[in-house]
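Undergrad: can't give you the sequence, but here's the structure:
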């Protein structure tokens, strides 16, 4: 019975590892995209994008994005890219640690996923959508799986030792019998 539960939790942790790996790769791609906007020829890239997507350059909505892309605040973009790269690398580290069965990886992943829960719940309240709800539910599931696995592995590694309690009581009684003058 316990072996089947351990196998299920192991597969669940492997699933979380794959999710973290995919998230890490996606976030690193976003970081690379942000860095490409710092490039001095960003205007040519925007013009090519407009040609490729057939967006009319004078329409109001694309113009807002074009202006933001053509006049980016370089320091802000670099900060965003660095933050995204750091988070992407953290996701890849979590994926590696989970995939190789590192217990600290389970703790790290559980902590980082739990850390985002209040932020995601607040975002869901302010901007309700199916996607935001799915992200929140997904992170709740990840935290639940990892915490369950940590609890399960702790209970199998440290089963309650019921035989040790009477032995300790017997040892204390024996010590009192050997030295009757010493009483606590």
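TA: Great, that's in hand. Every value quoted in this text rests on a predicted model; they were computed, and no experiment measured them. Numbering: from 1, shown residues only.
Undergrad: helices or strands up against the host helix or strand of residue 106?
TA: Residue 106 belongs to helix 103-126 when elements are defined using DSSP states H and E. Contacts defined by 3 or more C-beta pairs under 8 Å, 6 or more residues apart in numbering; DSSP states H and E place helix 103-126 against helix 2-38, helix 74-99, helix 130-157. The way it works is simple: take the backbone N, C-alpha and C, and place the C-beta from them, glycine included.
Undergrad: what is the burial count for residue 93?
TA: The tally of other residues near residue 93 (other C-beta atoms under 10 Å) stands at 16.
Undergrad: distance of it relative to residue 108?
TA: Distance from residue 93 to residue 108, counting by C-beta to C-beta, to the nearest Å: 8 Å.
Undergrad: with residue 86 instead?
TA: In terms of C-beta to C-beta, residue 86 sits 14 Å off from residue 108.
Undergrad: between the two, which has more neighbouring residues?
TA: Remark: of residue 86 and residue 108, residue 108 carries more neighbours, 18 against 12, as counted by other C-beta under 10 Å.
Undergrad: which residues does that one contact?
TA: By C-beta atoms under 8 Å, 6 or more residues apart in numbering, the contact list for residue 108 reads 93-94, 97.
Undergrad: still on that earlier bit, the helices and strands packed on helix 103-126 into TSV, with extra columns for mean pLDDT and distance to residue 115?
TA: Shown next, in TSV, are the helices and strands packed on helix 103-126 (pLDDT from 0 to 100; distance: least, C-beta to C-beta, whole Å):
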stretch	mean pLDDT	distance to residue 115
helix 2-38	79	14
helix 74-99	86	11
helix 130-157	87	10
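Undergrad: can you list the ones you listed in JSON lines and add distance to residue 120?
TA: Listed next are the helices and strands packed on helix 103-126 as JSON lines, based on distance: least, C-beta to C-beta, whole Å:
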{"stretch": "helix 2-38", "distance to residue 120": "14"}
{"stretch": "helix 74-99", "distance to residue 120": "15"}
{"stretch": "helix 130-157", "distance to residue 120": "4"}
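Undergrad: which one, of those, ends up nearest to residue 118?
TA: Smallest distance to residue 118 across the helices and strands packed on helix 103-126 (C-beta to C-beta): 10.2 Å, for helix 130-157.
Undergrad: report the buried residues of the closest one.
TA: Residues of helix 130-157 classed as buried by neighbour count (16 or more other C-beta atoms under 10 Å): 132, 136, 139, 142-143, 145-146, 148-150, 152-153.
Undergrad: from residue 32, how far off is residue 139?
TA: In terms of C-beta to C-beta, residue 139 sits 25 Å off from residue 32.
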